[in-house]
Structure formats: C-alpha cells, structure tokens
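Novice: Build me a structure from this.
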Amino acid sequence: MAYEDWVVGTATINGCDWEPPPPSLTPSSLFVGHFTVVFSYVVDGKQYSGKFCSAYEWEKEKEIQILYNPQDPVESGVCDEDESKIIPALECVLVLLDGL
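Specialist: You can find the predicted model right below:
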C-alpha cells in the first residue's frame, strides 16, 4: 500500500530525549545529535506507538498529526511540515551520490 493511501490520525507525544552523536563521528562532523520523539495513537480501540528523529525538541502531551497504514496500523509516520521540507533535498543528494 502506497503512502498516499494511508489515513491521517492524531497521536500524542509521550517523550522527547536528546541523543548525542555516536562516538564514531568526529567532533568536526556536521552531525551534532538529534531528539528521539516517542508518540502513541489509537486505531479501532487498539493503542500503537512509534518514534521519529527530530532536529528540535517536542513538547510532551502535544497532539500531532500522523499517517498510518489502515491495513497495518503499526506502520506510521509523522506529518511534520517543518521537517518534511528537508526530505526532497535529502532524496536529491542521495540520487546524486548514487550516481558517483
């Protein structure tokens, strides 16, 4: 099932923790770490949870919109307009790198 067929739902942020960069990355690396955000949502009376990485901190108990697969609700993704703008840029970079 394509993402276009997924359903929009509401989830609640349960936690947001800062994750430093792995020790394998040098201090001069552009990667400085990220927040791991944990959320939960209910589909047909059953509770599910998920997590995603974010460049910024999210408020606990905040309600957010998600997309979930109606055929398998454990599959979900966050609808974040601020961070979703970077996805097309990253996909472009990956395509360019793949061509090298």
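
Novice: Give the buried residues for stretch 9-21.
Specialist: Gly9, Ala11, Ile13, Cys16 (16 or more other Cβ atoms under 10 Å). All C-beta spots, glycine's among them, are computed from the backbone N, C-alpha and C.

Novice: Kindly indicate whether the third one is helix, strand or coil.
Specialist: Put plainly, it is Ile13. Put simply, Ile13 is strand when judged by DSSP: H, G, I helix; E, B strand; the rest coil.

Novice: ok, now the first one?
Specialist: Remark: Gly9 carries the secondary structure label strand [criterion: three-state DSSP].

Novice: Also the last one?
Specialist: Taking three-state DSSP as the rule, one finds Cys16 in the strand state.

Novice: Correct me if wrong: it contacts Ile64.
Specialist: No - taking contacts as Cβ atoms under 8 Å, Cys16 lies outside contact range of Ile64: 11.4 Å.

Novice: got any residues that touch both of the two?
Specialist: Common neighbours of Cys16 and Ile64 (criterion: Cβ atoms under 8 Å, 6 or more residues apart in numbering): Trp58.

Novice: wait, which of the buried residues of stretch 9-21 is closest to Val43?
Specialist: Proximity of those to Val43 (Cβ to Cβ) peaks at Gly9, which lies at 6.7 Å.

Novice: got the residue ranges for the helices in this protein?
Specialist: Ranges of helices in the chain, per DSSP state H, are 81-84, 86-98.

Novice: ok, which stretches of the chain are strands?
Specialist: Ranges of strands within the chain are 7-19, 34-43, 46-54, 63-69, 72-78, based on DSSP state E.
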